[in-house]
Every structure is written in structure tokens, then in C-alpha cells.
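1. can't give you the sequence, but here's the structure:
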């Protein structure tokens with residue numbers, strides 16, 4: 001009888017251990033981090049061809065930071081890409097190869113584990129001339145050559161940027177991204193004046209006002225009176 005109870009007790013313990021092993025073998029539920037790559041590269045929304053979907057609209061650099069704006073032909077929206085990290089679309093800027101002509105500028109991006117090069121669209125560099133605007137067309141070509149020769153900020157702007165605190169440098173980077181996204185069609189000189197004016201405001205300890213686009217280049221012109229004008233005074 002004693003041997004029977006001992007055998008039954010051993011069987012009960014063995015069943016308990018086996019059940020515990022089964023419970024421990026149940027996999028844990030997936031967490032948010034498990035879906036990060038799926039959200040970033042969803043097979044239902046991802047872009048199959050970066051060159052067919054996006055068009056290079058603008059490039060700006062401030063010391064080590066490089067920013068590019070891309071226009072999505074499908075959604076007709078502009079996105080900002082930097083060399084610091086991937087954006088929401090999973091695109092990051094690798095490098096920019098400058099040229100004295102805008103049609104020679106090349107920007108290299110990484111997307112979906114591949115590197116892709118984009119250039120300015122020819123229709124963007126050579127827009128259709130306006131009626132009766134022969135002189136205006138010549139002026140546009142001259143402006144285009146001057147823009148192509150401008151390769152970055154002046155030494156004074158670089159020193160002014162270095163003197164900013166890390167917090168203000170971050171604010172300026174956000175401002176640059178907003179300018180590129182909201183005013184993709186303004187000239188480099190106008191864009192530089194806006195950014196220079198923002199740096200001066202931060203250097204003087206004043207709050208940085210994010211420009212509000214009121215429509216086309218008119219919105220940018222209003223902001224240039226407050227930012228670019230200060231840049232020309234210094």
C-alpha cells in the first residue's frame with residue numbers, strides 16, 4: 001500500500017513538472033518594437049521606386065548638417081530628408097555631390113537598404129518662359145548660374161552657428177526643415193536670408209518664429225522681410 005502511494009505521488013509530481021514546462025514554453029506576445037520595421041517598410045504602402053516617386057526639390061547645408069526636400073509625385077506632398085537619421089518614410093540622405101551648375105548636383109539617398117541618386121528635374125531648372133518675358137527668361141538663366149555657384153553658408157554664418165547652444169542649434173535645424181518644406185520654389189539667396197535672419201534672432205536671445213505660409217512665394221516674401229532683412233544688416 002505504501003509503495004502504491006509513493007508511486008502515485010511520483011506520478012503527480014511528474015505531471016506537475018510537465019505542465020509547468022508546457023506553460024513556460026508558451027511564447028510571449030509581440031511588443032511595439034516588433035512592428036517597427038513593418039510600419040516603416042509596409043508592403044502595402046512602401047514606395048517601390050524612389051526615382052519614379054520622388055523629385056529632388058532643394059538642398060541646404062549648415063556645417064555638418066545636410067537637408068534635402070523631395071516632392072512626392074503621387075501624393076503631391078513635400079518631405080524633408082536629412083543626413084542625421086531616417087525620416088518617417090525610411091529615407092535618409094547619404095551625401096551631396098555639388099556642382100557649379102544645378103543640373104550637375106547629385107544627392108544620394110538610402111531607402112530600403114539600397115542607395116539611390118537623384119538630380120534636379122530638367123523642367124524645374126528650365127521652366128517654360130512667360131509670354132512676353134524674353135528679358136525675364138535671360139534673367140532667370142543668369143540667376144540659375146549664380147545659384148549653381150553658391151555652395152554653402154559663408155564663414156560668418158558658420159561661426160554664428162557654432163556659437164549657438166545645442167538647444168538653439170536644434171531649433172535652427174527644425175526651422176531649416178520647415179523653410180525647405182514650405183518654400184521649395186524660392187531662390188537660394190532668399191532661403192539663405194531667411195535662415196541667416198533666424199540665426200541672428202537666436203544669437204540675440206530672441207524667440208524663433210516659425211514662418212506661416214500664406215500661399216506661394218508671397219508667404220515667403222512676408223517672412224523674408226522679418227528674417228532676411230536682419231541677415232543683410234549684419
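-> Arrived safely. Note that the structure is predicted; figures quoted are calculated from it, not measured.
2. So residue 208: helix, strand or coil?
-> On the three-state scheme (DSSP: H, G, I helix; E, B strand; the rest coil), residue 208 is labelled coil.
3. With residue 185 as the reference, measure out to it.
-> 23 Å (C-beta to C-beta, to the nearest Å). Placement of C-beta: from N, CA and C, glycine included.
4. In terms of neighbours, single out the busier of those two.
-> Each of residue 208 and residue 185 has its neighbours counted (other C-beta atoms under 10 Å); residue 208 has more, 15 against 12.
5. Within its local environment, how many residues does residue 106 see?
-> A count of neighbours around residue 106, defined by other C-beta under 10 Å, yields 16.
6. Identify the residues contacting it.
-> 96, 97, 99, 117, 118, 119 (C-beta atoms under 8 Å, 6 or more residues apart in numbering).
7. got it, and residue 199?
-> 157, 160, 161, 164, 172, 231.
8. Break this structure into its domains for me.
-> 48-125, 153-234 (automatic domain parsing).
9. and of those domains, who's closest to residue 29?
-> Proximity to residue 29, assessed across these by C-beta to C-beta, is greatest for domain 48-125 (25.7 Å).
10. Could you give the average pLDDT over that closest one?
-> For domain 48-125, the mean pLDDT works out to 82.
11. what's the answer for stretch 174-190, then?
-> 78.
12. That one: which residues count as buried?
-> 175-184, 186-188, 190 (16 or more other C-beta atoms under 10 Å).
13. Out of the residues you listed, the closest to residue 77 would be?
-> residue 181 (9.2 Å).
14. Next one: the closest one from residue 80, what distance?
-> Going from residue 181 to residue 80 by C-beta to C-beta gives 5 Å.
15. what do the two both touch?
-> Shared contacts of residue 181 and residue 80, defined by C-beta under 8 Å, 6+ apart, are found at residue 69.
16. Flag every buried residue along stretch 157-165.
-> Buried residues in stretch 157-165, defined by neighbour count with 16+ other C-beta under 10 Å: 157, 160, 161.
17. In a markdown table: those, plus secondary structure and pLDDT.
-> Formatted as a markdown table, those follow (DSSP: H, G, I helix; E, B strand; the rest coil; pLDDT from 0 to 100):
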| residue | secondary structure | pLDDT |
| --- | --- | --- |
| 157 | helix | 72 |
| 160 | helix | 76 |
| 161 | helix | 79 |
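18. with those residues in mind, which one is nearest to residue 31?
-> For the buried residues of stretch 157-165, the closest approach to residue 31 (C-beta to C-beta) belongs to residue 161, at 39.7 Å.
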